[in-house]
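J.: Model the structure of this input:
(chains A and B)
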There are 2 protein chains.
Amino acid sequence: MRYQLYYWPSIPGRGEFVRLALEHAGADYVDVARRPGGMATLERFLKDRSTKQPPFAPPFLKAGKLVIGQTANILLYLGARHGLAPGTEAGRLWIHQLQLTIADWLVEVHDTHHPISAGLYYEEQKREAKRRAADFVTQRLPKFLGYFEEVLRCNPARSGWLAGSSITYADLSLFQMAAGLRYAFPRAMAKRERRYPRVAALHERVAARPRIAAYLASKRRIAFNQDGIFRHYPELDRS
Amino acid sequence: MRYQLYYWPSIPGRGEFVRLALEHAGADYVDVARRPGGMATLERFLKDRSTKQPPFAPPFLKAGKLVIGQTANILLYLGARHGLAPGTEAGRLWIHQLQLTIADWLVEVHDTHHPISAGLYYEEQKREAKRRAADFVTQRLPKFLGYFEEVLRCNPARSGWLAGSSITYADLSLFQMAAGLRYAFPRAMAKRERRYPRVAALHERVAARPRIAAYLASKRRIAFNQDGIFRHYPELDRS
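T.: Next up is the predicted model:
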């Protein structure tokens, strides 16, 4: 089956968490909106009032007749099919729990530069962004990094992965968080990341997985940029 | 099996979405932190460094040996066991997708009064809260309400529920959203809610379900209050 991923074509955003899973799985997929005419296809779908199960927003994944929305939900589906989640129910719930915590974290990253409204420009909420980003860097970033460091430490398999002895979609997502945070907050991360050696090591290990390494070196990987969720504004990045 | 729900004892918060599912299912559960000495039990669990799969934050549910965190993840688990989700994989993914959209919405409700930091008092971020709440009421509230109205309209079963012909955990959660929004933003909701008759009707139908009606009339139901996610600050509520 050829999957069809629908997501904005110019940012890594939430779509990237899905792309990483598809790429690691070696799955056959089309990144719809990055093809010629693809944005029109995406927008047509979003406006189609005959859709029986409309997604709230991209990303969504077409898998045969299924249309699956919400990043973590897409990964729940893909994880079970492509060996990117444990085989037991308890294991699947645990990985999904971690993914949902990453989703919460990602919202907080977004809101560092858009604390008032996603419908306004950064410059229109810059003062508020400075306050929110200061709180994020000093309070929330250590809390989330510390949490995942602890999860890695607690894994009885001592594999360096979040659960059990194999990589899961949550590991791929944690890689993306670390990468994005280094882009957005280089000073803060340079100062703090050494306290979370397991998270940093996981980032390196994911980047070295053959299919992920090939993907990262390809044109399919969209670089972090100033339209995305992870943005680098020097004035928001404190050490 | 007797479930153990761990959540803060004095607010409806995220725990309420789990309580509604447990109550509708007639499940046997203990609301741990609301028992004598329960807060100490909750805090002891959060500080326990020997926990192999630590939750990031309450709520979490103990179900036998399982400890399940993240509200939507708990509902994914309960839904499959208590007839609160469709029997097909496609149906389960759809309901979970809706639940995750409700989770996103709930974060935005919280951030109307805490747009800068959950670690600061409302009064310390009141100016920013006014800006964020204005955007929420005029832009986001209609978008989310309109989305769920559309989902109810699109359900081929025309049952008045979000999917198929039976109530699911997402219906219970949408009820809680409508109830909370009426508490927090009475003026805004009075003006706008009539445009979303299916959402309003769902609220009434859920409230009338026998077990939910009994629950809402009981002391187990925690009233909305000014420490919770849904808070009523008149200055944030515009019509």
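J.: Give me the distance between A:Ala63 and A:Leu75.
T.: Counting by Cβ to Cβ, to the nearest Å, the separation of A:Ala63 from A:Leu75 is 13 Å. Using the backbone N, CA and C atoms, a C-beta is placed for each residue, glycine as well.
J.: which one of these two has more residues nearby?
T.: A:Leu75 (28 against 21; other Cβ atoms under 10 Å in any protein chain shown).
J.: Please name every helix or strand in contact with the longest helix seen in chain A.
T.: Assignment by DSSP state H gives helix A:89-113 as the longest helix of chain A. When contacts are defined as 3 or more Cβ pairs under 8 Å, 6 or more residues apart in numbering or on different chains; DSSP states H and E, helix A:89-113 sits against helix A:71-81, helix A:126-135, helix A:141-154, helix A:169-184, strand B:66-69, helix B:71-81, helix B:89-113.
J.: The shortest one: which residues count as buried?
T.: Within strand B:66-69, the residues scored as buried using 16 or more other Cβ atoms under 10 Å in any protein chain shown are B:67-69.
J.: just the third one next, same as before
T.: By neighbour count, and taking 16+ other Cβ under 10 Å as the criterion, the buried residues in helix A:141-154 are A:141, A:144-145, A:147-152, A:154.
J.: out of these, who's near chain B?
T.: Applying Cβ under 8 Å from any Cβ of the partner chain to the buried residues of helix A:141-154, one finds that A:147, A:150-151, A:154 fall near chain B.
J.: May I see these arranged in CSV, with pLDDT and distance to A:Ala214 as well?
T.: Shown next, in CSV, are these (pLDDT from 0 to 100; distance: Cβ to Cβ, whole Å):
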residue, pLDDT, distance to A:Ala214
A:Tyr147, 97, 31
A:Glu150, 96, 32
A:Val151, 97, 28
A:Cys154, 94, 32
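J.: Of these, which is the nearest to A:Glu124?
T.: Nearest to A:Glu124 among those: A:Tyr147, at 32.4 Å, using Cβ to Cβ.
J.: my read: the closest one touches B:Phe56, true?
T.: Yes - proximity of A:Tyr147 to B:Phe56 meets the contact threshold set by Cβ atoms under 8 Å, at 5.5 Å.
J.: May I ask you to confirm that A:Gly83 belongs to a helix?
T.: No - A:Gly83: not assigned to a helix; according to DSSP: H, G, I helix; E, B strand; the rest coil it is coil.
J.: That one: neighbour count?
T.: Per other Cβ under 10 Å, the neighbour tally for A:Gly83 reads 14.
J.: and the residue positioned nearest the centre of chain A, what helix or strand is that in?
T.: With distances taken as Cα atoms, centre = their mean, the residue of chain A nearest its centroid is A:Phe17 (3.9 Å). Assigned by DSSP states H and E, A:Phe17 falls within helix A:15-25.
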